[in-house]
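Asks: Just the structure for this:
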Amino acid sequence: MNQLSIQAVSRSFAGPGGKSTQALLPVDFEVGENDFVTILGPSGCGKSTMLRIVAGLDFPSTGQVLLDGRAVTGPGADRGMVFQSYTLFPWLDVEQNIRFGLREKGVTAALQKERCDYFIAKVGLRGFENHYPKQLSGGMQQRVAIARALANDPKILLMDEPFGALDNQTRVLMQELLLGIWEAERKTVLFVTHDIDEAIFMASRVAVFSARPGRIKSDIPVNLPHPRHYTVKTTPAFMEFKARLTEEIRAEAIAAVAH
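Replies: Numbering: from 1, shown residues only. Here you go, the predicted structure:
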């Protein structure tokens, strides 16, 4: 069953002198339930624009987005969003940040506590419940953001380069953490990245975007086994995916510079 349907979605922006800039060519794309799809492409190719349209934070110039058959017309609790920047409320501690969305939805205090405790344990933050964001490292803040998104039990998790600001070692650990949670929770995930290793390691499918104006030029199933251990990155099968995707992205990066 396709949970998310992106139908002929394009986006253009008004520019100086009445000229418009085409950010996205019409995109048709289906995401199945429990799919982990990574969107890979050069900078400025429209990846984040498409994700924002799915989130309801931006609107398509043409086409529509359907989630479980219903048109997306704005933000909603059925979509959890995690950004590259740590979008936590600085005046709330870890537990209060995670419980925020549940409280807004009118969930009982007991259930708020239960779900919060469960995901604090899942992301490895036991003992930090009463810490404020400024007392946490970048990686820990992003764990809180992931826990907050998951605690709301969205139908789909939208992630815009969530590990892009982290150092390499923390980034690798966060990839393993998120993948482990996905293997257990089986959420549908749409994950934007420009890191080829990350795109392959995390995904059940990699959608490669062209240079701007963006379109999906290839959709590659990643049939590496689960549970997926970090050592898979040194296997011949992984290297084959990497070689193919490196060529695809290199071609688009050259095209982007040529514009």
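Asks: Contacts for stretch 112-130 next, please.
Replies: 93-95, 98-99, 102-103, 107, 136, 140, 143-144, 146-147, 150-151, 153, 177, 181, 184 (Cβ atoms under 8 Å, 6 or more residues apart in numbering). All C-beta atoms are positioned from the backbone trio N, CA, C, and that covers glycine.
Asks: ok, now stretch 250-259?
Replies: Identification of contacts with stretch 250-259 by Cβ under 8 Å, 6+ apart yields Gly41, Pro42, Ser43, Gly44, Cys45, Val208, Phe209, Ser210, Ala211, Arg212, Lys217.
Asks: Could you dump those residues into CSV and include neighbour count?
Replies: CSV is the format used below for these (neighbours: other Cβ atoms under 10 Å):
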residue, neighbour count
Gly41, 29
Pro42, 22
Ser43, 11
Gly44, 14
Cys45, 28
Val208, 24
Phe209, 25
Ser210, 20
Ala211, 23
Arg212, 22
Lys217, 15
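Asks: how about these in a markdown table, adding distance to Leu173, pLDDT and secondary structure?
Replies: Output for the contacts of stretch 250-259, formatted as a markdown table (distance: Cβ to Cβ, whole Å; pLDDT from 0 to 100; DSSP: H, G, I helix; E, B strand; the rest coil):
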| residue | distance to Leu173 | pLDDT | secondary structure |
| --- | --- | --- | --- |
| Gly41 | 25 | 87 | coil |
| Pro42 | 26 | 82 | coil |
| Ser43 | 25 | 80 | coil |
| Gly44 | 29 | 81 | coil |
| Cys45 | 28 | 84 | coil |
| Val208 | 26 | 94 | strand |
| Phe209 | 27 | 92 | strand |
| Ser210 | 32 | 90 | coil |
| Ala211 | 32 | 86 | coil |
| Arg212 | 32 | 85 | coil |
| Lys217 | 31 | 92 | strand |
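Asks: Name the nearest of those relative to Thr73.
Replies: Set against Thr73, the nearest of those by Cβ to Cβ is Phe209 (24.5 Å).
Asks: Leaving out sequence neighbours, find the closest residue to Gly138.
Replies: Leu166 (5.6 Å; Cβ to Cβ, 6 or more residues apart in numbering).
Asks: of the contacts of stretch 250-259, closest to Lys233?
Replies: Nearest to Lys233 among the contacts of stretch 250-259, with distances taken as Cβ to Cβ, is Val208, at 19.0 Å.
Asks: Who are the contact partners of the closest residue to the closest one other than its chain neighbours?
Replies: Once flanking residues are discounted, Val208 sits nearest to Ser218: 4.6 Å by Cβ to Cβ, 6+ apart. For Ser218, the contacting residues are Ala207, Val208, Glu248, by Cβ under 8 Å, 6+ apart.
Asks: I'd assumed the first one was in a strand, is it?
Replies: Yes. According to DSSP: H, G, I helix; E, B strand; the rest coil, Ala207 belongs to a strand.
Asks: so it sits right up against Asp219, yeah?
Replies: Yes. Between Ala207 and Asp219 there is a contact under Cβ atoms under 8 Å: 5.2 Å.
Asks: So between these two, which is more surrounded?
Replies: Ala207 (23 against 12; other Cβ atoms under 10 Å).
Asks: List the residues that contact that one.
Replies: So Ala207 contacts Phe29, Val37, Thr38, Ile39, Leu40, Ile216, Ser218, Asp219, Ile220 (Cβ under 8 Å, 6+ apart).
Asks: Report the beta-bridge partners for the most centrally placed residue in the chain.
Replies: Nearest to the geometric centre of the chain sits Met159, at 1.9 Å (Cα atoms, centre = their mean). In this entry, Met159 is beta-bridged to Val82, Phe191, by DSSP bridges.
Asks: That one and Ile254: what is the separation?
Replies: 27 Å (Cβ to Cβ, to the nearest Å).
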